[in-house]
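[1] sequence? don't have it. structure:
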């Protein structure tokens, strides 16, 4: 995760960097739902910056990244759409709680999402940087 944050900082992805740091802080505070939300927000932030579509939902931004050649396989795009769907459908993460006082997630889910999202964001940012270098 440290390498992902370093990569994001070097590439000017302050929003994504902040979300990943907050996700880690939420894990330390045992706020696992908040951690998962910040992890997926890091992906959304980076995707929006790369695609230059500030208001694009993540699914639309991922479609644009695929068309631009940043996602080498459709299954990779679908995997993150599904992780976003998980974060969106699980009560207490991206949407309001219904019956319980906290999201029904644990530290293992929060750590997984932080690691997966940090890795994916670093991947996207590096691929985008490489494409920019080759086009110059």
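    Received, thanks. None of the values given here were measured: they were computed from a predicted structure. Residues are numbered from 1 along each chain as shown.
[2] centroid residue for this structure?
    In the chain, the residue lying closest to the centroid (CA atoms, centre = their mean) is residue 43, at 2.3 Å.
[3] that one: which element?
    Secondary structure assigned from DSSP states H and E places residue 43 in helix 32-51.
[4] show me what that helix packs onto, helices and strands only.
    Under the contact definition 3 or more CB pairs under 8 Å, 6 or more residues apart in numbering; DSSP states H and E, helix 32-51 sits against helix 14-28, helix 58-67, helix 74-89, helix 107-135. All C-beta spots, glycine's among them, are computed from the backbone N, C-alpha and C.
[5] now the angle between helix 32-51 and the third one, please.
    It stands for helix 74-89. Angle between the axes of helix 74-89 and helix 32-51 is 140 degrees (criterion: axes from the mean of the first three to the mean of the last three CA atoms, to 10 degrees).
[6] show me how far helix 74-89 is from its chain's centre.
    Distance, stretch centre to chain centre, for helix 74-89: 10 Å (CA atoms, centre = their mean, to the nearest Å).
[7] then the first one?
    Using CA atoms, centre = their mean, the distance from the centre of helix 14-28 to the centre of the chain it belongs to is 10 Å.
[8] quick check: mean pLDDT of it?
    Mean per-residue pLDDT for helix 14-28: 96.
[9] can you check the longest one too?
    The average of the pLDDT scores along helix 107-135 is 93.
[10] now do it: which elements does it pack against?
    Counting contacts by 3+ CB pairs under 8 Å, 6+ apart, helix 107-135 packs against helix 2-10, helix 14-28, helix 32-51, helix 74-89.
[11] can you rerun that using 7 Å?
    With contacts taken as 3 or more CB pairs under 7 Å, 6 or more residues apart in numbering; DSSP states H and E, helix 107-135 sits against helix 2-10, helix 14-28, helix 32-51.
[12] buried residues in the first one, which are they?
    This means helix 2-10. 4-5, 7-8 (16 or more other CB atoms under 10 Å).
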